[in-house]
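**Student:** this is a predicted model, with the sequence first.
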Amino acid sequence: MASSQSFEVTVVGGGLGGLTAALALRHRGIRVTVLEQAPQLGEVGAGIQTAPNASRVLLGLGLREQLEAIHTEPQDQVRRRWKDGSVVGLTPLGAFCKDTYDAPYWHYHRADLHRVIMDACTDPEGPGPAVALHTSSRVAELDTSDPERPVAVTDDGTRYASDVLVGADGIRSRVRDLIGGEDTLVFSGEMAYRALIPGDLIAADPATRWLVDRFQSTIWYGPDRHLVHYMIRGGEYLNVVACVPCSDEVAEKWTAPASPGELAAAYPGWDDRVPAMLSKAKDDVTCFALHYRRRDPVWMDGRVALLGDACHAMLPYQAQGASQAMEDAAVLAEELGAVTRSGAEGALRRYVDRRAKHAGMVQDASLRNKTFYHYPDGPEQRERDAKLRNFTGESDL
Ligand code: FAD
């Protein structure tokens, strides 16, 4: 491997994508500065799933011990019908993923996962140079007058020059705009309520006790809406993502607080287990309008490249947005770690070649699920359910 000791990379954005990239680059001996606009690094109070593709990246960064301390492992993924909760599909996860893919399918609290990656970025004992994290540093402009030393300029005029600049600044990426990305943002017409329901309330009620008896990743399919839930922190919370048609208010604001009553009322006529579960939500329900980007060819310009939602924001209907960002991080570090400074642009080109098509396919598949999950009862729904049964086998769960 070429020595990258003197290489410097600036990562704009300290979300799960940006921090995973920073850590992966650190492992290659590359000096990294992360610029984050928020006054504190952190994540929203919600759960996240990492399928084996992303778990493999995180384990490859030496995080096994830390992840084992914060993960929850679902035994299977179960797909249920809205009206009566009958199982239309069951896919084994747990031991099956480890045996088949040599990597686990795990659930986390987002804040826990973010903290583990951030701590590894700054750990003085870690491999390579520790990552420099700057908060309250919103990147407003780029100066690429020296194409070999792109400069990120923050709101207060501070300039950060480096050999490569990575825009990991999310779905409304400023870096993407600055390198000439066209307007590819699409509003899905849907929104997601997110809530963390205390696990002790779930365990105490015989109507919801089944949720703690076996940890599963569950998706309920129904006409024009679906519901996802799974346990995190070993059962401390049930993480709920409730995807429904978007209200005008949330469409306009992108995000808004919601009441537990509103969440519980969002599934009229659904199997009794749904209101039994949702009525236990507390006051922390938040609603997010769901946007995505059309497949986007703008992933780099010279020594500036994009990563994560900045280049392939997708609907969360495959739970793959952050996971694809983690794959980006691994490939970016592999390519930049294999060259010296003069080879940086070629390395970025290979990164984009290796990632854009695959991430685009996942974007498309996530979008297809908007239709697939939401068929009204009828021939298409029956055909879908039959396919799922044939794929995974019948179950009496
Ligand atoms: P972000 O998380 O958006 O981070 C971008 C960071 O950049 C932020 O910290 C922001 O403050 C900062 N920033 C923005 N602009 C600037 C600027 N100009 N200067 C400096 N900093 C800036 N994915 C999964 O893999 N598994 C799941 O289970 C899953 N579930 C989901 C459920 C829901 C309801 C939703 C909405 C998404 C879900 N996702 C999931 C997708 C996942 O959350 C995102 O794809 C992922 O968080 C994107 O990470 P990112 O680092 O690219 O962007």
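**Tutor:** That came through fine. None of the values given here were measured: they were computed from a predicted structure.
**Student:** kindly provide the distance from the closest residue to residue 294 other than its chain neighbours to the ligand.
**Tutor:** With C-beta to C-beta, 6 or more residues apart in numbering as the criterion, residue 294 has its nearest non-adjacent residue at 4.3 Å, and that residue is residue 184. (Each C-beta comes from the backbone N, C-alpha and C, glycine too.) Applying C-beta to the nearest ligand atom, to the nearest Å, the value for residue 184 to the ligand is 15 Å.
**Student:** now the element after the longest helix anywhere in the chain, going C-ward?
**Tutor:** The helix that spans the most residues within the chain, counting by DSSP state H, is helix 344-372. Once helix 344-372 ends, the next helix or strand along the chain (criterion: DSSP states H and E) is helix 379-392.
**Student:** hmm, back to that, so what's the residue nearest to residue 294 up against?
**Tutor:** With contact set as C-beta atoms under 8 Å, 6 or more residues apart in numbering, residue 184 has these partners: 293-296.
**Student:** ok, which pair from the residues you listed is furthest apart?
**Tutor:** Spatial extent of these (C-beta to C-beta) is set by the pair 293 and 295 at 7.7 Å.
**Student:** show me where the stretch 1-150 of the chain has strands.
**Tutor:** With DSSP state E, counting those that start in this stretch as the criterion, the stretch 1-150 of the chain has strands at 8-12, 31-35, 47-50, 76-81, 87-92, 106-109, 132-134, 139-143.
**Student:** how about these, which one is nearest residue 264?
**Tutor:** strand 76-81 (17.6 Å).
**Student:** the closest one: partners in the sheet, and parallel or antiparallel?
**Tutor:** Strand 76-81 has its sheet partners listed here by DSSP bridges as strand 87-92 (antiparallel), strand 216-222 (parallel).
**Student:** could you tell me how many residues sit around residue 155?
**Tutor:** 12 (other C-beta atoms under 10 Å).
**Student:** in this protein, which residue is most central in space?
**Tutor:** Residue closest to the mean C-alpha point of the chain, counted by C-alpha atoms, centre = their mean, is residue 322 at 2.6 Å.
**Student:** kindly calculate the angle that the host helix or strand of it makes with strand 31-35.
**Tutor:** Per DSSP H and E, residue 322 falls inside helix 321-337. Counting by axes from the mean of the first three to the mean of the last three C-alpha atoms, to 10 degrees, helix 321-337 lies at 140 degrees to strand 31-35.
**Student:** what residues of helix 321-337 count as buried?
**Tutor:** 321-337 (16 or more other C-beta atoms under 10 Å).
**Student:** will you turn the contacts of residue 184 into CSV that also has neighbour count and secondary structure?
**Tutor:** Converted to CSV, these look like this (neighbours: other C-beta atoms under 10 Å; DSSP: H, G, I helix; E, B strand; the rest coil):
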residue, neighbour count, secondary structure
293, 21, strand
294, 14, coil
295, 17, coil
296, 20, coil
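**Student:** would you turn the residues you listed into JSON lines with pLDDT and distance to the ligand?
**Tutor:** Shown next, in JSON lines, are the contacts of residue 184 (pLDDT from 0 to 100; distance: C-beta to the nearest ligand atom, whole Å):
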{"residue": "293", "pLDDT": "93", "distance to the ligand": "11"}
{"residue": "294", "pLDDT": "92", "distance to the ligand": "16"}
{"residue": "295", "pLDDT": "89", "distance to the ligand": "15"}
{"residue": "296", "pLDDT": "83", "distance to the ligand": "13"}
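**Student:** which bits of the stretch 151-300 of the chain sit near the ligand?
**Tutor:** When proximity is defined as C-beta under 6 Å from any ligand atom, the stretch 151-300 of the chain approaches the ligand at 168-170, 174, 192, 194, 241, 288.
**Student:** same thing but 5 Å
**Tutor:** 169-170, 174, 192, 241 (C-beta under 5 Å from any ligand atom).
**Student:** what is the end-to-end distance of stretch 77-89?
**Tutor:** 8 Å (C-alpha to C-alpha, to the nearest Å).
**Student:** what is the lengthiest strand in the chain packed up against?
**Tutor:** Taking DSSP state E as the criterion, the chain has its longest strand at strand 185-198. Applying 3 or more C-beta pairs under 8 Å, 6 or more residues apart in numbering; DSSP states H and E, one finds that strand 185-198 contacts strand 237-245, helix 248-253, helix 260-264, helix 273-278, strand 286-293.
**Student:** between the last one and strand 237-245, how big is the angle?
**Tutor:** For strand 286-293 against strand 237-245, the angle between stretch directions is 60 degrees (the same axes, to 10 degrees).
**Student:** how about the CA coordinates for strand 286-293, as CSV?
**Tutor:** Extracted as CSV, the C-alpha positions of strand 286-293 are listed here (Å, rounded to 0.1, in the frame of the first residue of the first chain):
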residue,chain,number,x,y,z
THR,A,286,-41.5,13.5,15.7
CYS,A,287,-42.6,13.6,12.1
PHE,A,288,-40.3,13.8,9.1
ALA,A,289,-41.3,14.5,5.5
LEU,A,290,-39.6,11.9,3.3
HIS,A,291,-37.6,13.1,0.4
TYR,A,292,-35.1,11.4,-1.9
ARG,A,293,-32.9,12.3,-4.8
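**Student:** give me the distance from that strand to the chain's centre.
**Tutor:** Chain-centre distance of strand 286-293: 13 Å, with C-alpha atoms, centre = their mean, to the nearest Å.
**Student:** kindly calculate the angle that that strand makes with helix 344-372.
**Tutor:** 120 degrees.
**Student:** strand partners (parallel or antiparallel) of strand 286-293?
**Tutor:** Counting by DSSP bridges, strand 286-293 is paired with strand 185-198 (antiparallel), strand 255-257 (antiparallel).
**Student:** where in the stretch 1-150 of the chain is pLDDT low?
**Tutor:** The model of the stretch 1-150 of the chain has pLDDT under 70 over residues 1-5.
**Student:** show me what counts as buried in whatever helix or strand comes next after the longest strand of the chain.
**Tutor:** Counting by DSSP H and E, the next helix or strand C-terminal to strand 185-198 is helix 199-204. Neighbour-count burial for helix 199-204, counted by 16+ other C-beta under 10 Å, picks out 199, 201-202.
**Student:** which one of these is nearest the ligand?
**Tutor:** The closest of the buried residues of helix 199-204 to the ligand turns out to be residue 199 (C-beta to the nearest ligand atom; 18.4 Å).
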